[in-house]
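Chemist: make a model of this:
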Amino acid sequence: MTPLADKIKSLIRINGPISVTDYFALCLADPEYGYYRTREPFGTAGDFVTAPEVSQLFGEMLGIFMVHAWQQHGSPSPVSLVEIGPGRGTMMLDMLRVIRKLAPPLFDGLSVHLVETSERLRGVQRVTLEAFSSKVSWHAAFEEVPDGFTLLAANELFDAIPIRQFVKTPTGFRERMVGLDAEDRLAFGIGIASIDTALLPLGSAQTADGTVFEVAPARQAVMNTLCERLKRNGGSAVIIDYGHMVTGFGDTLQAVLRHEYDPPLAHPGEADLTSHVDFEDLARIARACTIQINGCLHQGDFLYGLGLADRARALANGKSESEQRAIAVSANRLAAAGEGNMGELFKVLVVSSPSVTLAPFRPVST
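Modeler: A predicted model of the protein is given here:
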């Protein structure tokens, strides 16, 4: 039993079952016991390792992409380089190092804006980015970032934004709830709220009882805000997360504790809670905002398309045999294809305004 579990149980006893959305939000952001308020999630000592922590190659490829996007947009100045949910600041550090080397005019004209709600993580980021401290500002919300041409990166942001779940029943899809079972344990149940059938994928009537459909209004709102900013100020955004390219059915709610999967209701506040991102849904929001969808690729295809293999070889040149092996293993971990590997499980969606052609994507109409 965790302290947050006790708190959630008390809420349920007083007010009744809560939605998966509310449970998700409490697990990650409760001011007393929320996961991101109390835990150090990143790295081998935490609960999971993100791509920037696997290898500097990841952030370097993103830096190369930002330089390319800036050039394709006509090399404007000044530039706001924004990261939402910057973790320990590792990706931004690697991006800035590459930008300074490849495009000094871009580096000189940019200001860095980190959107971070955790004071604890801000402290970590200040240490990581100490060499670039004169350029960095922190914001509690994306709306606080000053207007201006924007290059934006969001790595593993959307998976941590709460979802709603609906379960197929004999009377249609009903909202999944979290309540208490007969032994006073947290348990999933079914509520009375339904969903507009127009939001369901084709074939919903033929799905079996118990089938889960996920929808994420909060993610849609964040994506809409991001797209409206690009439409207003110009720029490009890179969104990287694990998920699927086509809207479908399935329960993707998952918890991770000490690098192992954990039942989502087992350790609230102590395990990271996430779900897969529906990239088709994010693309729909961008299309509704009438900004360009450059494309959506598997992470491996995106990184290899930017020159990951060449950069890995250059990084390994002159290193010891063991260091060369470590670099090769890291590059493979980031980009390997196959089910369950980061290169295939993670997707990269890029959107821009005004329309520009950005490698490694092929031009796509809005």
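Chemist: and R122, how close does it get to L200?
Modeler: 40 Å (Cβ to Cβ, to the nearest Å). All C-beta atoms are positioned from the backbone trio N, CA, C, and that covers glycine.
Chemist: whoops, L186 was the one
Modeler: Taking Cβ to Cβ, one finds L186 at 27 Å from L200.
Chemist: equivalent analysis for L28, please.
Modeler: For L28, the distance to L200 - Cβ to Cβ - is 27 Å.
Chemist: could I get the pLDDT score of the residue nearest to V215 when sequence neighbours are not counted?
Modeler: Leaving aside its sequence neighbours, V215 sits nearest to R164 (Cβ to Cβ, 6 or more residues apart in numbering; 5.3 Å). As predicted, R164 sits at a pLDDT of 98.
Chemist: same question for G46.
Modeler: At G46, pLDDT is 54.
Chemist: please apply the same query to the one 10 residues further on.
Modeler: At Q56 the predicted local distance difference test score is 96.
Chemist: what do you get for the one 3 residues further on?
Modeler: In this model, G59 is scored at 97, pLDDT.
Chemist: what's the answer for F42, then?
Modeler: Residue-level pLDDT assigned to F42 equals 62.
Chemist: swap in E119?
Modeler: 88.
Chemist: from R37, how far off is it?
Modeler: 9 Å.
Chemist: the more surrounded of these two?
Modeler: Using other Cβ atoms under 10 Å, the more surrounded residue of E119 and R37 is R37, with 17 against 10.
Chemist: the more buried one and D30, how far apart?
Modeler: In terms of Cβ to Cβ, R37 sits 7 Å off from D30.
Chemist: identify the residues contacting the one helix or strand in the chain whose mean pLDDT sits lowest?
Modeler: Counting by mean pLDDT, DSSP states H and E, the weakest-scoring helix or strand in the chain turns out to be helix 35-38, with a mean of 82. Contacts to helix 35-38, defined as Cβ atoms under 8 Å, 6 or more residues apart in numbering, come from residues 27-31, 41, 117-118, 120-121, 160, 269-273.
Chemist: just give me how far it sits from the chain centre.
Modeler: Mean-position distance between helix 35-38 and its chain equals 17 Å (Cα atoms, centre = their mean, to the nearest Å).
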